[in-house]
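**Student:** Output the structure for:
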Amino acid sequence: MDVRGVLTEGFGRVTELYDDVAGGLDEQALHHRPDGSGNPIGWLLWHLARVQDDHVADLAGQPQVWEQFQERFGLPNATDDIGYGHTSEQVDAVRISDAALLVEYHREVTLATARYLLGVDEAELEREVDQSYDPPVTAGQRLVSILADCLQHLGQAAYVKGLL
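**Tutor:** A predicted model of the protein is given here:
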């Protein structure tokens, strides 16, 4: 398996786990905050999808899938808001009533990710995408970072679901 295959498999696993965690959740479960202040499943799944969407769109030089979904979610967040650095109040404001909408959004993000990965080769993986770090971040490093972030948040969401 080549690197493109490994990345495609990795992001495919994220989608499988995402669908599994989101399955069977009602609005109350989506917004349950462990100990009253922990991140709820709905926010974790929204944030995971927003980060993947934002970062892959940036790598691909394409618009975010979010542009097609933002109005449907009806959230007060700005278009560039991916949840990074949210306060407790901002986490509370991400009120999602339908897990199926989260799944639909993430599946479209997965398709956009797969389209980008079709063109990934060694040169793309080595392309510097963020000069603010020393050494600069490459597309390959960014993809691994996205995968790690997705898996971390899926684990958190699965843990919260297990607490219910």
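**Student:** Which strands and helices lie in contact with the lengthiest helix in the chain?
**Tutor:** Counting by DSSP state H, the longest helix found in the chain is helix 139-163. Secondary-structure packing of helix 139-163 (3 or more CB pairs under 8 Å, 6 or more residues apart in numbering; DSSP states H and E): helix 3-22, helix 41-60, helix 122-126, strand 128-130. Placement of C-beta: from N, CA and C, glycine included.
**Student:** What lies in contact with that helix?
**Tutor:** By CB atoms under 8 Å, 6 or more residues apart in numbering, the residues outside helix 139-163 that reach it are 3, 7, 10-11, 14, 17-18, 20-21, 25, 29, 32, 34, 38-41, 44-45, 47-48, 51-52, 55-56, 59, 120, 124-127, 129-130, 137.
**Student:** same thing with stretch 93-111?
**Tutor:** 11-12, 14-15, 18-19, 22-27, 30-31, 42-43, 45-49, 52-53, 56, 65-66, 68-69, 72-73, 75-77, 83, 86.
**Student:** Got a quick PyMOL command for the buried subset of these?
**Tutor:** The buried subset of those, as determined by 16 or more other CB atoms under 10 Å, is captured in PyMOL by this line:
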select buried, resi 11+14+15+18+22+25+30+31+42+43+45+46+47+48+49+52+53+56+65+66+69+73+77+83+86
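**Student:** gap between the two ends of stretch 118-128?
**Tutor:** End-to-end distance for stretch 118-128, by CA to CA, to the nearest Å: 19 Å.
**Student:** Run the chain-centre distance for that stretch.
**Tutor:** Taking CA atoms, centre = their mean, to the nearest Å, one finds the center of stretch 118-128 at 21 Å from the center of the full chain.
**Student:** Would you mind checking the average pLDDT for it?
**Tutor:** When pLDDT is averaged over stretch 118-128, the result is 96.
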